[in-house]
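# Fold the stuff below for me.
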Amino acid sequence: MTTRILKHFSIAALAVLFAGCASDAHKSREQYSYQGPQAPIAPYPNPGMQPPVAQYPAIPSQPSSYRGYSSTVLAGIYANYPAVRGFIRDMVSKHGFSESYLNGLFSRANRLDSVIRLESPAPSQTPSTPRPGSWTRYRNKFLTEQHIQNGANFWLDNADVIRRASATYGVDPEYIVAIIGVETYFGRNFGKTNIFDSLTTLSFDTYRRSNFFKSELESFLLMAREEGFDPREPEGSWAGAMGYGQFMPSSFRRLAIDFNHDGQRDLWHPHDAIGSVAHYFSKNGWHYNGQVARPGNIARNDDAVIELSTYEGNEYWRIFPNFKVIKRYNNSNKYAMAVHQLAQAIKQRVESSKAVIRSSSAR
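Residues are numbered from 1 along each chain as shown. Alright, predicted model coming up:
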């Protein structure tokens with residue numbers, strides 16, 4: 001279990017746990033998707049394996065906004081959608097986009113039936129009775145040996161960057177790591193849905209949250225123009241989330257950070273993603289070294305106590321402001337508790353490995 005970690009600590013002086021040199025293995029760009037609570041993801045075949053390289057759009061030599069997209073009229077699947085034509089007019093008047101560019105871009109859009117099904121599932125024919133153990137089932141997706149060990153490895157691979165992000169933004173490092181673990185299994189599951197197609201589909205072919213997704217589509221097109229990439233290139237979740245930390249476009253524009261100072265905010269790069277997750281937590285009120293949750297007792301009419309269903313009965317937890325900060329990422333008690341418990345497990349794994357190293361060095 002500690003072989004990989006022993007290797008990391010043998011490289012440096014080991015005076016400080018998190019002062020390891022960040023790995024260069026992720027210098028290439030990568031892609032991903034988060035689709036809500038996920039099924040278990042296949043673990044790394046071996047502890048030393050790095051996430052596979054995917055294709056992030058290269059920065060073009062000229063602004064991407066007009067490269068290859070131009071049409072005097074709207075054609076394709078959305079040619080007869082008044083709402084799309086209205087959206088184009090709004091983007092032209094509000095943000096100065098070229099109408100011919102947007103006509104050309106939306107003429108290439110694809111309607112994704114799989115996304116429609118995920119956003120608008122068919123109603124159940126029979127009423128369902130909640131089964132006990134929902135928290136146990138959810139927890140078992142993320143509190144696995146693979147998640148814990150790969151979380152420790154990710155921490156050590158990027159130790160200097162994580163230490164710097166923690167110090168810069170006042171966020172405990174284990175929670176930066178855990179968010180990335182729950183969202184994308186440390187970069188192993190970025191997702192493969194075309195972001196432009198998914199947001200267009202959600203904006204104009206679904207109804208429940210169409211206004212929200214129109215706003216995200218607007219932010220995505222502005223983001224593509226600001227960051228200088230082709231809007232038909234990025235891939236991510238079916239709902240439009242991107243990168244290691246699964247930022248929606250509006251969050252990207254507000255909170256993404258160029259943490260490696262290469263001139264681009266690239267959330268498919270672990271260093272920018274680490275800094276951006278820390279920045280996100282900081283802006284939402286994280287308290288460094290503050291409590292997140294602790295076991296509690298049944299308390300009626302107490303919003304600071306939550307109930308989670310296990311196979312053995314209900315658990316009760318008293319939650320603190322940092323727990324609510326995690327919920328700003330995903331407004332679910334189970335999600336926030338999974339992040340909290342994964343963070344603690346990864347921290348314990350790294351600290352116990354440090355103790356093993358010290359014991360070995362003392363002999």
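# which stretches of the stretch 151-300 of the chain aren't confidently modelled?
For the stretch 151-300 of the chain, no stretch is flagged by pLDDT under 70.
# Tell me the spacing between Ala212 and Met248.
Not Ala; residue 212 is Phe. To Met248, Phe212 is 9 Å away according to Cβ to Cβ, to the nearest Å. Backbone N, C-alpha and C define where each C-beta goes, glycine included.
# go on, Glu235?
Where Met248 is concerned, Glu235 sits at a distance of 14 Å (Cβ to Cβ).
# ok, now Asn333?
21 Å.
# For the helix or strand hosting Val115, enumerate the helices and strands it packs against.
For Val115, the host element (DSSP states H and E) is helix 113-119. Here helix 113-119 touches helix 195-204, going by 3 or more Cβ pairs under 8 Å, 6 or more residues apart in numbering; DSSP states H and E.
# Which positions in the helix it packs on come out as buried?
Ile195, Phe196, Asp197, Ser198, Leu199, Thr200, Thr201, Leu202, Ser203, Phe204 (16 or more other Cβ atoms under 10 Å).
# right, and the first one touches Ala239 too?
Think Ile195. No: contact criterion Cβ atoms under 8 Å: Ile195 and Ala239 do not qualify, at 9.6 Å.
# Against Leu102, how distant is Arg89?
With Cβ to Cβ as the criterion, Arg89 and Leu102 are 9 Å apart.
# So the two - more neighbours on which side?
Using other Cβ atoms under 10 Å as the criterion, Arg89 and Leu102 rank with Leu102 on top: 23 against 13.
# Skipping its backbone neighbours, what lies nearest that one in space?
Ile88 (4.5 Å; Cβ to Cβ, 6 or more residues apart in numbering).
# what about the longest helix in this protein?
helix 333-362 (DSSP state H).
# Tell me which other helices or strands it touches.
helix 3-11, helix 134-142, helix 145-157, helix 173-184, strand 293-295, strand 305-310, helix 321-329.
# ranking those by burial, who's on top?
Of all the helices and strands packed on helix 333-362, helix 173-184 carries the top mean neighbour count, a mean of 26, counting by mean count of other Cβ atoms under 10 Å.
# Can you tell me how far Thr200 is from Leu105?
9 Å.
# Repeat that for Arg225.
Taking Cβ to Cβ, one finds Arg225 at 11 Å from Leu105.
# Among these two, which residue is more densely surrounded?
Between Arg225 and Leu105, counting by other Cβ under 10 Å, Leu105 is the more crowded of the two (26 against 17).
# Sticking with that one, tell me its helix or strand.
Counting by DSSP H and E, Leu105 is part of helix 99-107.
# any residues touching that helix, and which ones?
Defining contact as Cβ atoms under 8 Å, 6 or more residues apart in numbering, one finds that helix 99-107 is touched by 65-66, 68-76, 78-79, 84, 88-89, 91-92, 196, 200, 231-232.
# What's the ChimeraX line that selects buried ones from the residues you listed?
To isolate the buried ones among these in ChimeraX, judged by 16+ other Cβ under 10 Å, type:
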select :65,69,71,74,76,78,84,88,91,196,200,231,232
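# just checking, Met242 touches Phe252?
Yes: in this structure, Met242 is within contact of Phe252 by Cβ under 8 Å, at 6.8 Å.
# what residues are shared contacts of those two?
Joint contacts of Met242 and Phe252 (Cβ under 8 Å, 6+ apart) are Leu267.
# With neighbour numbers in mind, choose between these two.
The residue with more neighbours, out of Met242 and Phe252, is Met242; 29 against 23, by other Cβ under 10 Å.
# Please tell me how far that one sits from Pro249.
For Met242 relative to Pro249 (Cβ to Cβ), the value is 8 Å.
# Need the residues touching each of those two.
Ile195.
# Now for Ile319: which residues touch it?
Val292, Ala293, Ala304, Val305, Ile306, Ala336.
# let's go with 10 Å and repeat that
291-294, 296, 303-306, 326-327, 333, 336-337, 340 (Cβ atoms under 10 Å, 6 or more residues apart in numbering).
# ok, now Val182?
34, 37-38, 141-142, 147, 151, 246, 326, 329-330, 335-336, 338-339, 342-343.
# Many thanks, we can stop here.
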